[in-house]
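Chemist: Coordinates for the following, if possible.
(2 chains)
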2 protein chains.
Amino acid sequence: MNPMPELHVVLHPRHPPAVDTFLRGIPEIVLHCPADEEGVIRALNNGAQVLVTFIWRDAFLTPSLKWIAGTGAGTEQYPLDVLSSHHVVLTTAAGVHSDCVAEHAFSLLLALTRRIGESVRNMTQHHWGALVGEELAGKKLGIVGLGRIGEGVARRAQNWGMSITGVKRHPDQYQGCLTDVRGVDQMAAVCEWADILLLAAPATPDRRPLVGERELELLGAGWIVNVGRGSLIDEAALIRALRSGGLRGAGLDVTAIEPLPTGSPLWDLPNVVLSAHNAGDSPGYGRRWGVIFAQNLLAFAGAADWRNQVTGLPGGAR
Amino acid sequence: MNPMPELHVVLHPRHPPAVDTFLRGIPEIVLHCPADEEGVIRALNNGAQVLVTFIWRDAFLTPSLKWIAGTGAGTEQYPLDVLSSHHVVLTTAAGVHSDCVAEHAFSLLLALTRRIGESVRNMTQHHWGALVGEELAGKKLGIVGLGRIGEGVARRAQNWGMSITGVKRHPDQYQGCLTDVRGVDQMAAVCEWADILLLAAPATPDRRPLVGERELELLGAGWIVNVGRGSLIDEAALIRALRSGGLRGAGLDVTAIEPLPTGSPLWDLPNVVLSAHNAGDSPGYGRRWGVIFAQNLLAFAGAADWRNQVTGLPGGAR
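Modeler: Below is the predicted model:
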């Protein structure tokens, strides 16, 4: 199956693990791996039809671009209307890393309750200091966002002795393991009820935070974990709540600005555990992403249905 | 119920969280809280009958001592034969912190696979660096020790997509959620099979390590977590395996010598996450330990059966 004798695919220099390895193994494509975004733009201006990326720049929209094979789950960075009007297909990697992100969310949560961040800071001082941690058993967990990641967290938490409530944009469409799922209009009530708020939602359409000063006050002496998007939390309010001692801890894989600015107070707060938007990164990423890419390569040739398609013509790109 | 008008109880200065708070709330006892071990010995020489401790010194064995109300799960520190011959009852806190320790074991494991230790070290440098972690899903987990802690880990791991094998001294007596449980003679086979070895066993009777150079070689490029006892692992062999890059990581709540000596290489190895023997410490400890203590206070008066009794007369201490 050779969808196109000269299918030029450009790989953005920033990509999840092993995506490059996977693409190098496909004989049907001519792969370009530029070292910087200038090189990406040059390759697209030279006629490349496919861009593999999770980062968007307006200069990527060249006349030859037909398909953006996204390596991320979200779409908030893309000008969806523009892509649609230019008949550019956008596909995402939604679902590829949901198990991995769910595990990462749990790792951040347990790092807070068992005080692993402080333990590692003690290690750097060669200091043996017993820290009294907390137990998840008996706690109330609110999961905001019940897509594949949030549901993955809920499933893993089934035997941990927690009460769990979920928040979902369309609770009536929920088909998962939780028995209590509410709409976004119930956020305040869930924050007041919960000991732990775990955000696994995409950015809101208007980028407005779901968790601001009021929600943090309602959460009180609890913990917050964010593996969704930095814009979901009012970061200034979060820092105030962490400093005042009201909030007990925050585990963040995402921040309002990424990379997190060097001057951010989040780096040094002992009750914060940060990772660098790598919750979904694992050696299995390239292989699983490749399954979607391979199907969409057929779709591009008109020989299969698109998977994870967000924009573009339904029957094929050309 | 007043088992004894003048029951003098000595609390060792080192004790788990909230044990002191619990004891202060019992009107039936006269509580002594010395600041150091000299004070403990003095109170016992002055006629106190009960010692609350997880630490043992031979000088604690005075003629008045009738009951050691242990605040730890293990008994390897006690001279059991001597206590028996002196008719001193020893009770342990076995089971009090098993949920907490199981959660802590998971926190150490996820800190290794999701590279939380390295993330926190990056935080101290204000460095945003994406780290490719690993996924537990699809991995093989060997749990050594299937008491309440090991079983708690196995139960929590049920929905995480791992294959799990347990190792138990008496596999024929196992009644838990695992389907594959083997004897200690199968340690080598389990190490060879496993990606992750999680130790939740007490010290062996002869303090010989269960995991030495050979077991670490068989484990290969895996991870090891120890919430049992430091003596279970040959620590010199562990450090060699971590330095050579053979072993991918170690999460340790216990070490051969505690506190860990300042000069130990374990402090600075990036693939190590250490906590300070605090896996069982949580605010719920005192309350749950108190349930056992309250029952044993009745047993001491001959009005109930002993719980968690290791040595001493079966029907009461006097």
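
Chemist: shaky segments in chain A?
Modeler: Scanning chain A with the threshold set as pLDDT under 70 gives A:1-5, A:313-318.

Chemist: Swap in 90 and give it another go.
Modeler: Along chain A, the model assigns pLDDT under 90 to residues A:1-6, A:73-74, A:204-207, A:245, A:284, A:311-318.

Chemist: For the residue lying closest to residue A:59 once chain neighbours are set aside, list the residues it contacts.
Modeler: Closest residue to residue A:59 apart from its sequence neighbours, by CB to CB, 6 or more residues apart in numbering or on different chains: residue A:41 at 4.9 Å. Where you see a C-beta, it was placed from the backbone N, CA and C, and this is true even at glycine. By CB atoms under 8 Å, 6 or more residues apart in numbering or on different chains, the contact set of residue A:41 is A:57, A:59-60, A:62.

Chemist: So which of the residues you listed wins on neighbours?
Modeler: residue A:60 (20 neighbours; other CB atoms under 10 Å in any protein chain shown).

Chemist: can I assume that one is in contact with residue A:52?
Modeler: No - using CB atoms under 8 Å as the test, residue A:60 is too far from residue A:52 to be in contact (11.2 Å).

Chemist: how would you label the residue nearest to residue A:59: helix, strand or coil?
Modeler: Assigned with DSSP: H, G, I helix; E, B strand; the rest coil, residue A:41 falls in the helix class.

Chemist: Just give me the neighbour total for residue A:284.
Modeler: Using other CB under 10 Å, the number of residues around residue A:284 comes to 18.

Chemist: dump the residue contacts of it.
Modeler: Applying CB under 8 Å, 6+ apart to residue A:284 gives the contacts A:18, A:100, B:135, B:138.

Chemist: ok, back up a step: give me the subset of the contacts of residue A:41 lying in strands.
Modeler: Applying DSSP state E to the contacts of residue A:41, no entry is found in strands.

Chemist: Nearest to chain B, out of those: which one, please.
Modeler: In terms of CB to the nearest CB, no member of the contacts of residue A:41 lies closer to chain B than residue A:57, at 19.6 Å.

Chemist: Tell me how far that closest one lies from residue A:38.
Modeler: 10 Å (CB to CB, to the nearest Å).

Chemist: How much space separates the residue positioned nearest the centre of chain A from chain B?
Modeler: Nearest residue to the geometric centre of chain A (CA atoms, centre = their mean): residue A:228, 5.1 Å. Between residue A:228 and chain B the distance is 17 Å, computed by CB to the nearest CB, to the nearest Å.

Chemist: Wait, a helix at residue A:154?
Modeler: Yes - the assignment for residue A:154 by three-state DSSP puts it in a helix.

Chemist: residues in contact with it?
Modeler: Counting by CB under 8 Å, 6+ apart, residue A:154 makes contact with A:143, A:146, A:164, A:166, A:176-178.

Chemist: Compute the number of surrounding residues for whichever residue of the stretch 151-300 of chain A sits closest to chain B.
Modeler: Taking CB to the nearest CB, chain B has its nearest neighbour within the stretch 151-300 of chain A at residue A:259, 3.5 Å off. The local packing of residue A:259 (other CB under 10 Å) involves 14 other residues.

Chemist: before we move on, what about the one 4 residues further on?
Modeler: Other residues within reach of residue A:263 by the criterion other CB under 10 Å amount to 7.

Chemist: same question, the one 3 residues further on
Modeler: Neighbour count for residue A:266, taken as other CB under 10 Å: 20.

Chemist: ok, now the one 4 residues further on?
Modeler: When neighbours are counted by other CB under 10 Å, residue A:270 registers 12.

Chemist: That one in helix, strand or coil?
Modeler: Here residue A:270 is coil, with the state taken from three-state DSSP.

Chemist: quick one: it and residue A:116 touch, right?
Modeler: No - using CB under 8 Å, residue A:270 is not in contact with residue A:116, being 11.7 Å away.

Chemist: Emit the ChimeraX select command for whichever of the contacts of residue A:154 are buried.
Modeler: Only the buried entries of those go into this ChimeraX selection, using 16 or more other CB atoms under 10 Å in any protein chain shown:
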select /A:143,146,164,166,176,178
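
Chemist: Quick one: residues contacting residue A:226.
Modeler: A:198-199, A:232-233, A:250-254.

Chemist: ok, 7 Å please
Modeler: Counting by CB atoms under 7 Å, 6 or more residues apart in numbering or on different chains, residue A:226 touches A:199, A:232-233, A:252-254.

Chemist: Kindly report the same for residue A:293.
Modeler: Residue A:293 touches residue A:69, counting by CB under 7 Å, 6+ apart.

Chemist: in what helix or strand does it lie?
Modeler: helix A:285-300 (DSSP states H and E).

Chemist: For that helix, list the C-alpha coordinates in CSV.
Modeler: Output of helix A:285-300 as CSV, limited to C-alpha atoms (Å, rounded to 0.1, in the frame of the first residue of the first chain):
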residue,chain,number,x,y,z
TYR,A,285,4.3,6.4,22.9
GLY,A,286,5.7,6.1,19.4
ARG,A,287,4.4,2.6,18.9
ARG,A,288,0.8,3.4,20.0
TRP,A,289,0.8,6.8,18.2
GLY,A,290,2.1,4.9,15.1
VAL,A,291,-1.1,2.7,15.1
ILE,A,292,-3.2,5.9,14.6
PHE,A,293,-0.7,7.3,12.1
ALA,A,294,-0.7,4.1,10.0
GLN,A,295,-4.5,4.1,9.8
ASN,A,296,-4.6,7.8,8.9
LEU,A,297,-1.9,7.2,6.2
LEU,A,298,-4.5,4.9,4.6
ALA,A,299,-7.2,7.5,5.2
PHE,A,300,-5.0,10.1,3.5
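
Chemist: Which strands and helices lie in contact with the following helix or strand past that helix?
Modeler: Scanning forward in sequence from helix A:285-300 by DSSP H and E, the next helix or strand is strand A:309-311. Judged by 3 or more CB pairs under 7 Å, 6 or more residues apart in numbering or on different chains; DSSP states H and E, strand A:309-311 is in contact with helix A:80-85, strand A:89-91.

Chemist: export the ones you listed to TSV and tack on distance to residue B:73 and mean neighbour count?
Modeler: Compiled in TSV, the helices and strands packed on strand A:309-311 are given as follows (distance: least, CB to CB, whole Å; neighbours: other CB atoms under 10 Å in any protein chain shown):
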stretch	distance to residue B:73	mean neighbour count
helix A:80-85	57	13
strand A:89-91	53	23
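
Chemist: Just put the ones you listed in CSV and tack on distance to chain B.
Modeler: Shown next, in CSV, are the helices and strands packed on strand A:309-311 (distance: least, CB to the nearest CB, whole Å):
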stretch, distance to chain B
helix A:80-85, 26
strand A:89-91, 23
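
Chemist: can I get the ones you listed in JSON lines with distance to residue B:160?
Modeler: Below are these laid out as JSON lines (distance: least, CB to CB, whole Å):
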{"stretch": "helix A:80-85", "distance to residue B:160": "35"}
{"stretch": "strand A:89-91", "distance to residue B:160": "29"}
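
Chemist: Up against chain B, what does the stretch 51-200 of chain A have?
Modeler: Residues of the stretch 51-200 of chain A lying close to chain B by CB under 7 Å from any CB of the partner chain are A:99-100, A:103-104, A:106-107, A:110-111, A:114, A:116-117, A:119-121, A:123-124, A:126, A:128-137, A:155-156, A:158-160.
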